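Asks: Got a predicted structure plus its sequence, pasted below:
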Amino acid sequence: MALPRPGFRTWLALLLLALGAGLALLDLHESGTPGQAPGATVGEPDFYLESARLTRYDAEGRPHQRVTTPRLTHTPEDDVTRLEAPRIRLHDDAGRLWLAEADKGTLGPGGNPLSLDGNARLDAPAERWELETQALHYDADTGHAWSTTPATLRQPPQRMSGDRFDAWLNDNRARLTDNVRGHHPPETLEESSP
């Protein structure tokens, strides 16, 4: 005696159950719970924030560093905060605004130094200059920003590049060193007339 052959509805119900189980497993696999920090062997993060905005204050209680990032991850073993696509607003001792951004960044133990990696930029809107480099570091205690990777400094219509860049934000001073090249167009009569 042969068993009856399952009908269309039975096969459809089994197919839907299998599809639901597969989607549930896929959803569990792709959940947003982080494991180790990407590319690091520092252990599991103790927290992460999405769409985060972080403000640091100086000793007088004035905001001097603001970071906006789509994702911030902190690992307690090294006390480092990792930032994805950070956008930073820095204020020097004179209150001037400096803007920085990169593909990713880190805030060291205690929130200092700030390191930016991948398409890093530093802009000084008041002075109308901007710096582009691959890696930029900033020490908030001293107001020193530096890069040991090739950097290009633009202050239209001028452009300079070098292998190393240093800026002291509180002193409003910047320096390019090692293999420095530049483009400085001559001043035209229209630009020089009062």
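Replies: Structure received. Residues are numbered from 1 along each chain as shown.

Asks: avg pLDDT for the helix ranked longest in the chain?
Replies: The longest helix of the chain (DSSP state H) is helix 8-29. In this model, helix 8-29 has a mean pLDDT of 75.

Asks: How about stretch 102-115?
Replies: Per-residue scores along stretch 102-115 average to 90.

Asks: Could you tell me how far it lies from the centre of the chain?
Replies: 8 Å (Cα atoms, centre = their mean, to the nearest Å).

Asks: related to what we said a few turns ago, the longest helix of the chain: how far from the chain's middle?
Replies: 41 Å.

Asks: Could you check whichever helix or strand comes after that helix and say which residues are buried?
Replies: On the C-terminal side of helix 8-29, the nearest following helix or strand under DSSP states H and E is strand 47-57. By 16 or more other Cβ atoms under 10 Å, the buried positions in strand 47-57 come out as Y48, A52, L54. C-betas here are computed from N, CA, C, even on glycine.

Asks: how much space between G162 and A135?
Replies: Remark: distance between G162 and A135 (Cβ to Cβ, to the nearest Å) = 14 Å.

Asks: So for the two, which residue has more residues nearby?
Replies: G162 (19 against 16; other Cβ atoms under 10 Å).

Asks: how far away is the more buried one from L54?
Replies: Taken as Cβ to Cβ, the span from G162 to L54 is 31 Å.

Asks: can you check R62 too?
Replies: 15 Å.

Asks: Please apply the same query to D117.
Replies: From D117 to L54 the distance is 18 Å (Cβ to Cβ).

Asks: okay, P38: pLDDT?
Replies: 51.

Asks: how many other residues sit next to N170?
Replies: Neighbourhood size, N170 [other Cβ under 10 Å]: 13.

Asks: quick one: contacts for the closest residue to it other than its chain neighbours?
Replies: Nearest non-adjacent residue to N170, counting by Cβ to Cβ, 6 or more residues apart in numbering: G143, 3.8 Å away. If you count contacts by Cβ atoms under 8 Å, 6 or more residues apart in numbering, G143 has them with D92, D93, W168, L169, N170, D171.

Asks: Quick check: the farthest pair among those?
Replies: Among these, the pair separated by the greatest distance (Cβ to Cβ) is D93 and W168, at 10.5 Å.

Asks: okay, the buried residues of strand 47-57 in JSON lines with distance to P6 next?
Replies: JSON lines is the format used below for those (distance: Cβ to Cβ, whole Å):
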{"residue": "Y48", "distance to P6": "48"}
{"residue": "A52", "distance to P6": "53"}
{"residue": "L54", "distance to P6": "59"}
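
Asks: If we only consider these, which is nearest to A21?
Replies: Y48 (29.2 Å).

Asks: For that closest one, name its beta-bridge partners.
Replies: Taking DSSP bridges as the rule, Y48 bridges to T73.
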